[in-house]
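> Predicted model, plus sequence, below.
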Amino acid sequence: MVTREEFIVLLLIPIGGLILLAADNQEEEKNSSPHSGKEVNYLRYNKDEIFKSLIATEGHFRNVQTTKEGANGFLNCAVKHLADAEGHVDEAISHTVATNDTEASNKFRALRNEIRDFRHNLQDGKVSSVVGIERTRHIRREFESFNPEFDISKCEACEVNG
């Protein structure tokens, strides 16, 4: 036969487990935004667009037949792709802040500033096509350094050196 005290303990054990589960769920909710799943999807989209815009920028520089500097507008299409990448980086900053990823947010801020500076130099006619390729690759490598799913430097099929 079970004593009164033993009966109470048997009743409290499941209740204690439920209390612990509820506390764990509250902690998880506190540590994540109610929109974090949506933010992660938007961030993935932004990363895809940043990558594509940087690849397109490099392609435009590669296809230019001249290496001239000082001619404003000779690579406005590259300016367009850099502006697009910059806009997606701005959105990525927003999404990383919403998901409490301070480290990624800071890296995206630095990337945005580098892209903006490069775009301004290009718009001022201070970038040749050769320098444009080098600088675009540098920016792309910076992006890849904290987004390894986009890192093409290790491609064995094409042995990309840029």
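Yes, it's here.
> okay, now L54: neighbour count?
For L54, the count of nearby residues is 25 (other C-beta atoms under 10 Å). (Each C-beta comes from the backbone N, C-alpha and C, glycine too.)
> my guess is it contacts D84, does it?
No. Counting by C-beta atoms under 8 Å, L54 does not reach D84; the two are 9.7 Å apart.
> Spatially central residue for the chain, please.
Centroid check for the chain by C-alpha atoms, centre = their mean gives K47 as the closest residue, at 4.9 Å.
> Which neighbouring elements make contact with the helix or strand where that one lies?
K47 is part of helix 36-63 when elements are defined by DSSP states H and E. Packing partners of helix 36-63 (3 or more C-beta pairs under 8 Å, 6 or more residues apart in numbering; DSSP states H and E): helix 76-98, helix 129-145.
> still on that earlier bit, quick one: residues contacting the residue nearest to the centre of the chain.
Listed by C-beta atoms under 8 Å, 6 or more residues apart in numbering, the contact set of K47 reads H88, A92, N147, E149, F150.
> Of the residues you listed, just the buried ones, ChimeraX syntax please.
The following ChimeraX line selects those of these that are buried, judged by 16 or more other C-beta atoms under 10 Å:
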select :88,92,147,150
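> Just give me the closest of the contacts of K47 to A110.
A92 (12.0 Å; C-beta to C-beta).
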